[in-house]
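S.K.: Provide a 3D model corresponding to the input given below.
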Amino acid sequence: MVKAEAALRKEAEEVRFLEKEGHYELALERVDELAARHAGSALVLHLAGRTHHAAASRASAASDKVAATHHAAAAERYLAEAKRLVPNCVGISALLARVLLERGELGEADKEAIRAIHIRNPTDPADNNVVYTLNARGKNQRVERCWESACDVLRSIVASSIREVLDLDTDQSEGMTLAVEKATELANRCPYSALCFVLGFYEAAFCECFRAFSLGQPADPKLEDVPTGSINGGVYDDRLSSIYQDLSRLENRLLLVAKVHWCLMTSEKQDRFLSLPDACSLLEHMYSKHPAQKVLRSVLDPKLSVDTSVDDNSLDEISVCKDSEDHYLFQFNKTDNIFDCLFSSTPSITEAKSFAEIQEEKCKEGKEILQKLK
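M.R.: All right, here's what the predicted structure looks like:
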């Protein structure tokens, strides 16, 4: 079995070499023949999809629309079957999303790109792609590269939608009406926080979510919804809860992104992340970034003690210690739940509290924790 797989991979590499050398027609002929003989091989089908996708790009550059359409359709067909065989391969899904985008199927491309980003426990892209050399040590980098390709598709979709609106002729009433409709559709599909996420501005996306959650007396969402009546809820509290749920789902995506980047870190980087040097400087940084820094300063005492022997289970996962040079460190003892604690839960209707009340409670909790650390 291993020998057969090695032989098939070698044959696939020969086809790719033909394409690299410029023997495009021969490469296409060989790859179609290979795919017909090995219809159950994701490696071969992925290669066939890549080869036809490259052919579609060349045809498009030469303004040969017929050939471009033919090869793009073949690429989509091969990649869709490869995805069916190996649904947890980020590389296959990312390329399929790209092909769908270039074929003008923005909705399907958007779904596939998001699916690729959300794949859990992805397989090594090298297993199904002859472009890569089989090397277990480089798996994380390969996964990250494929994940970035999927993100590029999402960015292209948003950019395309924005260009479509900006290119409309708004001098005429018909053009203005269409521009408003398109802009409304884009705003409805991609609110600011979501746009930040798609464009890769993760910190901005999180800050926008935090800002929304921190609004003391938010206006009734029905006064600002686009299109009118699109926000669920018959009363104010229900409509507000609907918005909070959307923001919470976005925060969960940010959490997933954090987890993905964590998994892609080397063990050395993870170790550096688990020990945060100079607790006092870290608290000072928190002060500067927190929107309620004056209140935070009033309850947080930077003078921490190395004695962390407390009975509160909430501190089991974090301890304060000193390194060999007598610098304070925050040490994360566990990583299993480290990301689950990053974001607050979605507010519910029955538990609705003002921002001032929530702020007071959190400050009180912070003060109690630090008292135990002293």
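S.K.: pLDDT weak spots in the stretch 151-300 of the chain?
M.R.: Where the stretch 151-300 of the chain drops to pLDDT under 70, the residues are 165-166, 168-173, 175-176, 179-180, 183-201, 223-230, 260-261, 269-300.
S.K.: would you map the helices across it?
M.R.: Along the stretch 151-300 of the chain, counting by DSSP state H, counting those that start in this stretch, helices occupy 173-189, 192-198, 202-213, 236-264, 267-274, 279-289, 293-299.
S.K.: contacts only, for Ala27.
M.R.: Residues in contact with Ala27 (Cβ atoms under 8 Å, 6 or more residues apart in numbering) are 15-16, 18-19, 51. (Glycine included, C-beta is placed from N, CA and C.)
S.K.: typo on my end, it should be Ala74
M.R.: Per Cβ under 8 Å, 6+ apart, neighbours of Ala74: 48-49, 52.
S.K.: for Gly91, same thing?
M.R.: So Gly91 contacts 46, 125, 128-129, 142, 146, 149 (Cβ under 8 Å, 6+ apart).
S.K.: give me the neighbour count for Lys139.
M.R.: Counted with other Cβ atoms under 10 Å, the neighbours of Lys139 add up to 18.
S.K.: just give the closest residue to it, not the sequence neighbours.
M.R.: In this structure, Lys139 finds its nearest non-sequential neighbour in Asp124, 4.5 Å apart by Cβ to Cβ, 6 or more residues apart in numbering.
S.K.: what is the burial count for that neighbour?
M.R.: Per other Cβ under 10 Å, the neighbour tally for Asp124 reads 19.
S.K.: pLDDT at it, what is it?
M.R.: At Asp124, the pLDDT value in this model is 92.
S.K.: is it true that it touches Val143?
M.R.: Yes. Using Cβ atoms under 8 Å, Asp124 is in contact with Val143, at 7.5 Å.
S.K.: hmm, back to that, among the contacts of Ala74, which lie within strands?
M.R.: In strands, judged by DSSP state E, none of the contacts of Ala74 are found.
S.K.: could I get those residues as JSON lines with neighbour count, distance to Arg103 and pLDDT?
M.R.: Listed next are these as JSON lines, based on neighbours: other Cβ atoms under 10 Å; distance: Cβ to Cβ, whole Å; pLDDT from 0 to 100:
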{"residue": "Ala48", "neighbour count": "29", "distance to Arg103": "17", "pLDDT": "96"}
{"residue": "Gly49", "neighbour count": "26", "distance to Arg103": "13", "pLDDT": "96"}
{"residue": "His52", "neighbour count": "25", "distance to Arg103": "12", "pLDDT": "96"}
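S.K.: what is the nearest of those residues to Ala109?
M.R.: Taking Cβ to Cβ as the measure, Ala109 lies nearest Gly49 of those, at 14.6 Å.
S.K.: check contacts around Ala109.
M.R.: Neighbours of Ala109 in contact, by Cβ under 8 Å, 6+ apart: 97-98, 100-101, 153, 157.
S.K.: out of those, which two sit at the greatest distance?
M.R.: For the contacts of Ala109, the maximum inter-member distance is 10.9 Å, found between Arg98 and Ile157 (Cβ to Cβ).
S.K.: picking up where we left off before, looking at the contacts of Gly91, state which has the most neighbours.
M.R.: In terms of neighbours by other Cβ under 10 Å, the contacts of Gly91 top out with His46 at 30 neighbours.
S.K.: element containing it, please.
M.R.: Using DSSP states H and E, His46 sits within helix 42-61.
S.K.: from Ala150, how far out is Val143?
M.R.: The gap separating Val143 from Ala150 is 11 Å, by Cβ to Cβ, to the nearest Å.
S.K.: still on that earlier bit, now render the contacts of Gly91 as JSON lines, adding distance to Leu240 and secondary structure.
M.R.: Formatted as JSON lines, the contacts of Gly91 follow (distance: Cβ to Cβ, whole Å; DSSP: H, G, I helix; E, B strand; the rest coil):
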{"residue": "His46", "distance to Leu240": "46", "secondary structure": "helix"}
{"residue": "Pro125", "distance to Leu240": "43", "secondary structure": "helix"}
{"residue": "Asn128", "distance to Leu240": "46", "secondary structure": "helix"}
{"residue": "Asn129", "distance to Leu240": "47", "secondary structure": "coil"}
{"residue": "Arg142", "distance to Leu240": "43", "secondary structure": "helix"}
{"residue": "Cys146", "distance to Leu240": "39", "secondary structure": "helix"}
{"residue": "Ser149", "distance to Leu240": "38", "secondary structure": "helix"}
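S.K.: picking up where we left off before, using PDB, write down the CA coordinates of the helix holding His46.
M.R.: Output of helix 42-61 as PDB, limited to C-alpha atoms (Å, rounded to 0.1, in the frame of the first residue of the first chain):
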ATOM      1  CA  ALA A  42      -7.500  13.200  -3.400                       C
ATOM      2  CA  LEU A  43      -3.900  13.800  -4.300                       C
ATOM      3  CA  VAL A  44      -4.500  13.200  -8.000                       C
ATOM      4  CA  LEU A  45      -7.800  15.100  -8.100                       C
ATOM      5  CA  HIS A  46      -6.300  18.100  -6.300                       C
ATOM      6  CA  LEU A  47      -3.500  18.100  -8.900                       C
ATOM      7  CA  ALA A  48      -6.000  17.900 -11.700                       C
ATOM      8  CA  GLY A  49      -7.900  20.900 -10.100                       C
ATOM      9  CA  ARG A  50      -4.700  22.900  -9.800                       C
ATOM     10  CA  THR A  51      -3.700  22.100 -13.400                       C
ATOM     11  CA  HIS A  52      -7.000  23.100 -14.900                       C
ATOM     12  CA  HIS A  53      -7.200  26.200 -12.700                       C
ATOM     13  CA  ALA A  54      -3.800  27.300 -14.000                       C
ATOM     14  CA  ALA A  55      -5.000  26.600 -17.500                       C
ATOM     15  CA  ALA A  56      -8.100  28.700 -16.900                       C
ATOM     16  CA  SER A  57      -5.900  31.600 -15.700                       C
ATOM     17  CA  ARG A  58      -3.800  31.400 -18.800                       C
ATOM     18  CA  ALA A  59      -6.800  31.300 -21.100                       C
ATOM     19  CA  SER A  60      -8.400  34.300 -19.300                       C
ATOM     20  CA  ALA A  61      -5.200  36.300 -19.700                       C
END
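S.K.: before I go, just wanted to say thanks for your time.
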